[in-house]
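Asker: sequence? don't have it. structure:
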């Protein structure tokens, strides 16, 4: 406060203020004195009382706070007037200053009662602090400075913990005042916890175990996605692996595990790695979204937009290696909001089109977002710390990974079913519903190879509808199609063995493959087929005198040897069919294909 003294010349001849004005001045002075006394009383936050039964306390609400806008003050400045009177009590249990260029000083007053432990640990349960110094009083009125933070190698920390922590050994009975200075390019969050020594070490073990289990399961799911990608060559699995691997690594960085166990001697990489890995993870997630929801086919414009977003993430990851951390984290925050909007928008659009995979996607995405919101609310001091907030994001990420794994498996099942349906449809004649020419070729090749290996007999029946052109001319093509369906079903029903396969060979021709069937058995089957068509009584005209559709059949039988060509069997059955046609139709003719093969071998 600056004091101004009036000179004698300036005060000479001044008149005393009138009585009402004097009363106002006295009241104002009294109010000023009372305000000064009151403000001085609240500036001293209530001390943290360390009792014998106390093992842990969150002390954010017991702090007094001083902002250092230029970050230039030293411990000697803040412990003496006028700065010592400027400390203000914390207004929230969660100390969060957001993005700021200022340094902040926190005054911590501890009151150790008789019988309370003498060894304590002060932990800041937040990784991303660049500069953290704790000033502890030492004999002679001096201060001992303990330094942590991400700008120093992890190995130089006073306590080997993933979060900055300080050991308060031999804490004297009575009141002790500590000062903590913090400054960071990222969000300045200072969640302070005080632990008794034994409780702190148990807390570290439990904390590492819980995080290790969650991250271990996530790593296992990521590796499963990698193996699935290598075996199935499905790009969605590759994107899933890249997403999980990057996000798990980014989370290990955010939780301080990477700095502690992977690169403890590299502060530079510690301060850039999170943005790089988060950008890679988010970009991979966008790529996964495009593939998993098949946006290229369903939403072409959205697909292109997502592609640009993925490119923006990749550029952010690269540029963050050279840009200040504060810029990188702000850019990442903005892109995360865009990614959330576009990813949920893609999912909603897919749900509206009844895309089955979108249900797993939405349910999986909701979990890490909910966990992230819980963590954000805790950082803002809106909710109290709990296991949900402490491990909320990791648990949400695990739910996401599990649901996406199920969704990918379901998607692959649907793809496989679609392929099977397509393959099945490609072997079924669309008009008659029985196997088509392609299916006939596959069955004949399979049964021919089996007969060659086992030295067994195989027979083939080739058949042709007699007078079908006259039927079409008389009744039209629609009636002809219906007649073909009736004939096909009658021929199929006339077969008695599951191994016997009938197929539409082309037009009004039908072929039957008869494995393990000799000539006599094949003739018997062919006669049953001929009779089945006759029993349909498909008339060629309006009266019975016009005749009806009949079936001519040619039968060929052989015992193939390795290297023989099944085309010989087909050619022989065709010749037999022509003999049946030439012999007057509506009859069966047979040839022994093996004789032709034997003659060929002798030749």
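Answerer: All right, it came through fine. Predicted model only: the values in this text are computed from it and were never measured.
Asker: packing partners of the helix or strand hosting residue 199?
Answerer: Assigned by DSSP states H and E, residue 199 belongs to helix 197-232. Under the contact criterion of 3 or more CB pairs under 8 Å, 6 or more residues apart in numbering; DSSP states H and E, helix 197-232 touches strand 120-124, helix 235-254, helix 392-426. The way it works is simple: take the backbone N, C-alpha and C, and place the C-beta from them, glycine included.
Asker: and that helix with helix 392-426, angle?
Answerer: Using axes from the mean of the first three to the mean of the last three CA atoms, to 10 degrees, the inter-axis angle of helix 197-232 relative to helix 392-426 is 20 degrees.
Asker: and for stretch 207-226, what are the contacting residues?
Answerer: Contact with stretch 207-226 is made by 162, 237-238, 240-241, 244-245, 248, 251-252, 255, 257, 391, 394-395, 397-398, 401-402, 405, 408, as judged by CB atoms under 8 Å, 6 or more residues apart in numbering.
Asker: err, stretch 56-65, not the other one
Answerer: Contacts of stretch 56-65 (CB under 8 Å, 6+ apart): 43-48, 87-90, 92-95, 104-109, 190-196, 199, 203, 381, 385.
Asker: kindly report the same for stretch 483-501.
Answerer: Everything outside stretch 483-501 that qualifies as a contact, by CB under 8 Å, 6+ apart, is 429, 431-435, 439-440, 443, 463, 465, 468, 471, 475, 502, 504, 508, 510, 512-517, 525, 528-529, 531-533, 535-536, 538, 549, 551.
Asker: in ChimeraX, how would I select the buried members of those residues?
Answerer: Filtering these down to the buried ones (16 or more other CB atoms under 10 Å) takes a single ChimeraX command:
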select :429,432,434,435,439,440,443,463,465,468,471,475,502,504,508,510,512,513,514,515,516,517,525,529,532,533,536,538,549,551
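Asker: mark which of the contacts of stretch 483-501 are part of strands, please.
Answerer: With DSSP state E as the criterion, strands contain 463, 465, 502, 504, 510, 512-515, 551 from among those.
Asker: out of those, which two sit at the greatest distance?
Answerer: Farthest pair in those (CB to CB) is 465 and 515. Separation: 24.9 Å.
Asker: quick one: contacts for residue 183?
Answerer: Taking CB under 8 Å, 6+ apart, we find residue 183 in contact with 71, 102-104, 129-131.
Asker: kindly report the same for residue 436.
Answerer: Taking CB under 8 Å, 6+ apart as the test, what residue 436 contacts is 427-429, 503-504.
Asker: re the thing from before, possible to save the ones in strands among the contacts of stretch 483-501 as a markdown table with distance to residue 145?
Answerer: A markdown table is the format used below for the ones in strands among the contacts of stretch 483-501 (distance: CB to CB, whole Å):
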| residue | distance to residue 145 |
| --- | --- |
| 463 | 100 |
| 465 | 102 |
| 502 | 92 |
| 504 | 91 |
| 510 | 96 |
| 512 | 95 |
| 513 | 91 |
| 514 | 96 |
| 515 | 91 |
| 551 | 104 |
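Asker: between the contacts of residue 183, which is nearest residue 270?
Answerer: Using CB to CB, residue 130 comes nearest to residue 270 of the contacts of residue 183, at 10.1 Å.
Asker: I figured that closest one hits residue 187, correct?
Answerer: No. Using CB atoms under 8 Å, residue 130 is not in contact with residue 187; the gap is 11.2 Å.
Asker: OK, contacts around residue 458?
Answerer: By CB under 8 Å, 6+ apart, the residues touching residue 458 are 447-448, 451, 513-517, 557-560, 569.
Asker: need these in a markdown table (columns: distance to residue 229 and pLDDT).
Answerer: Below are the contacts of residue 458 laid out as a markdown table (distance: CB to CB, whole Å; pLDDT from 0 to 100):
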| residue | distance to residue 229 | pLDDT |
| --- | --- | --- |
| 447 | 38 | 93 |
| 448 | 39 | 93 |
| 451 | 41 | 92 |
| 513 | 40 | 95 |
| 514 | 45 | 94 |
| 515 | 41 | 94 |
| 516 | 44 | 93 |
| 517 | 47 | 92 |
| 557 | 50 | 93 |
| 558 | 48 | 91 |
| 559 | 48 | 90 |
| 560 | 43 | 90 |
| 569 | 45 | 92 |
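Asker: same list, those residues, but as JSON lines with distance to residue 265 please.
Answerer: Output for the contacts of residue 458, formatted as JSON lines (distance: CB to CB, whole Å):
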{"residue": "447", "distance to residue 265": "70"}
{"residue": "448", "distance to residue 265": "70"}
{"residue": "451", "distance to residue 265": "72"}
{"residue": "513", "distance to residue 265": "74"}
{"residue": "514", "distance to residue 265": "78"}
{"residue": "515", "distance to residue 265": "73"}
{"residue": "516", "distance to residue 265": "76"}
{"residue": "517", "distance to residue 265": "80"}
{"residue": "557", "distance to residue 265": "83"}
{"residue": "558", "distance to residue 265": "79"}
{"residue": "559", "distance to residue 265": "78"}
{"residue": "560", "distance to residue 265": "74"}
{"residue": "569", "distance to residue 265": "77"}
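Asker: show me the shaky parts of the stretch 451-600 of the chain.
Answerer: Applying pLDDT under 70 to the stretch 451-600 of the chain flags the ranges 543-545, 593-600.
Asker: tell me where it has helices.
Answerer: 468-475, 477-494, 519-534, 567-582, 593-602 (DSSP state H, counting those that start in this stretch).
Asker: likewise the stretch 51-200 of the chain?
Answerer: With DSSP H, counting those that start in this stretch as the criterion, the stretch 51-200 of the chain has helices at 75-78, 197-232.
Asker: now a PyMOL select for only the buried ones of the contacts of stretch 56-65.
Answerer: In PyMOL, a selection of the buried entries from these looks like this (16+ other CB under 10 Å):
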select buried, resi 43+45+47+48+87+90+93+94+95+104+105+106+107+108+109+190+191+192+193+194+195+196+199+203+381+385
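Asker: the contacts of stretch 56-65 in strands, which ones?
Answerer: Among those, the members falling in strands (DSSP E) are 48, 88-89, 104-109, 192-196.
Asker: which of the residues you listed lies closest to residue 585?
Answerer: Among the ones in strands among the contacts of stretch 56-65, residue 193 lies closest to residue 585 (CB to CB), at 98.2 Å.
Asker: you'd agree residue 290 is in a helix?
Answerer: Yes. Counting by DSSP: H, G, I helix; E, B strand; the rest coil, residue 290 is part of a helix.
Asker: name the nearest residue to it, sequence neighbours excluded.
Answerer: Nearest residue to residue 290, sequence neighbours excluded (CB to CB, 6 or more residues apart in numbering): residue 306, at 5.1 Å.
Asker: next, the angle from the host helix or strand of the one you found to helix 235-254.
Answerer: Residue 306 is located in helix 300-319, with elements delineated by DSSP H and E. Going by the same axes, to 10 degrees, helix 300-319 is angled at 40 degrees with respect to helix 235-254.
Asker: related to what we said a few turns ago, mind putting the contacts of residue 436 into CSV with distance to residue 267?
Answerer: Converted to CSV, the contacts of residue 436 look like this (distance: CB to CB, whole Å):
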residue, distance to residue 267
427, 65
428, 67
429, 72
503, 74
504, 76
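Asker: make JSON lines out of the helices of the stretch 51-200 of the chain and add distance to residue 361.
Answerer: Listed next are these as JSON lines, based on distance: least, CB to CB, whole Å:
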{"stretch": "helix 75-78", "distance to residue 361": "52"}
{"stretch": "helix 197-232", "distance to residue 361": "15"}
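Asker: of all these, which one comes closest to residue 138?
Answerer: Closest to residue 138 of these, according to CB to CB: helix 75-78, at 11.5 Å.
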